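In: Pasting the sequence and the predicted coordinates here, then a few questions.
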Amino acid sequence: MVLKRTVQRFKTILRMARLCSAVCGADVFDPDYRINPLTIFVLLAINSYLICTGYTIYVDIYIERDWTKVLQALCLLGSAVQGYCKLLNGIWKKHTHRFLINELLEIYEKYDKYDADYRCYLSKSLDTVTYIIKIILVVYAGSVIGIISVVPIYRLLFHENIFVMQFLLPGIDPETEFGYIVMNCMHCTCIFFGAFGNFAADTFFFTYVSQIPLLANIMKCKFRDLNEELEELDMQDNRYKTVFKDILQWHQKYMK
C-alpha cells in the first residue's frame, strides 16, 4: 500500500474545509475570491433570521403575552451570531487567513522531504487535526440530523406540527399547511448553511491552533541536527554554522 505523504494529507484537509466554506460563498483561500451571489444570499439569510427573531419576540411579548416562548426564539441566536462573526471575519481578514495557510503549506512541503523524525512530527500533527475534525463533524452532523429529523418524527407520532427553528416569518400563517411547509423550508435552509459555515470555520481554526506544537517539534529536530554536526570529528567545513543559522531564522520567523 502506498502511504500518502504528509503534504498530501494536509492538502486533503484544506480541500475539504474549502469545499464547506465554498458552500457558504466564503472560499476566501481562493486568490481570486470575490463576494459573489451565494455570499450575498447567505448574508441575507442570516440578517433575515435576526430580523425574524426580533419579530417573533415582539409577537410573543406584545401579542401573545407569552414570555416563555421568548427563550425558544433565542435558543439558536448564539449560534447564528457566532456564524455571522466567523463569516465576516473570514471575508475581512482573508489575506491573513491565506498567509497562515500558505505558511503551513510551505512547512509541510519543505519538511516532508526531510528525514523520518520530521515526517513523524508532521504526521502526528495531522493525526491530531484529523481527530479534532472528526469530532467536530460528528457534533455538527448529529446536531443537524437531530434538529431536522425530530419534526417529521414528532408529526408522525403525535400528529402535531412543530418547527425546526422557533422564528416566525412576517405574513406567513404557521397554522396553515402552506405556512408550515414554507417556514420549515426556511428553517432548514438556515440550519444547512449554518452547519456548513460553522464547520468550515472551526476546521480552519483548529488547523491553525493544532500546528503550534509542530513548530516546537521542528525546532527540536533542528537542535538534533545541530548536535549531530557538533559531534562530527571534522569541524572545518562549518556545516554546524549553517544549521545554527537555520535554527535562529526559524525562531525569529515564528516568534515575531
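Out: Yes, it's here. Numbers count the residues shown, from 1 in each chain.
In: where do the strands sit along the chain?
Out: Assigned by DSSP state E, the strands in the chain number zero.
In: Show me how it divides into domains.
Out: Following automatic domain parsing, the chain resolves into domains at 6-26+34-202, 211-256.
In: in stretch 108-127, what's buried?
Out: Y108, Y111, D112, Y118, R119, Y121, L122, S123, S125, L126 (16 or more other CB atoms under 10 Å). To be clear about C-beta, it is placed using only N, CA and C from the backbone, and glycine gets the same treatment.
In: and of those, the nearest to E175?
Out: Nearest to E175, judged by CB to CB, of the buried residues of stretch 108-127 is L126 at 52.4 Å.
In: The closest one reaches Q8, doesn't it?
Out: No. If you go by CB atoms under 8 Å, L126 and Q8 don't touch, sitting 10.0 Å apart.
In: just the buried residues of stretch 108-127 now: which is nearest Y240?
Out: Y118 (18.5 Å).
In: List the contacts of stretch 142-152.
Out: The contact list for stretch 142-152 (CB atoms under 8 Å, 6 or more residues apart in numbering) reads I162, F163, V164, N184, C188, I191, F192, A195.
In: which residues sit in contact with the fifth one?
Out: Meaning C188. Taking CB under 8 Å, 6+ apart, one finds I148, V164 in contact with C188.
In: any idea how far it is from I181?
Out: Distance, C188 to I181, by CB to CB, to the nearest Å: 11 Å.
In: quick one, what contacts N227?
Out: Per CB under 8 Å, 6+ apart, neighbours of N227: none.
In: And it, what's its pLDDT?
Out: pLDDT, N227: 83.
In: and the gap between it and V70?
Out: To V70, N227 is 65 Å away according to CB to CB.
In: Please apply the same query to Y108.
Out: Going from Y108 to V70 by CB to CB gives 49 Å.
In: Over to L77?
Out: Taken as CB to CB, the span from L77 to V70 is 11 Å.
In: Could you do I51 as well?
Out: As judged by CB to CB, I51 and V70 stand 16 Å apart.
In: neighbour-wise, which of those two wins?
Out: The neighbour comparison of I51 against V70 (other CB atoms under 10 Å) goes to V70, with 16 against 12.
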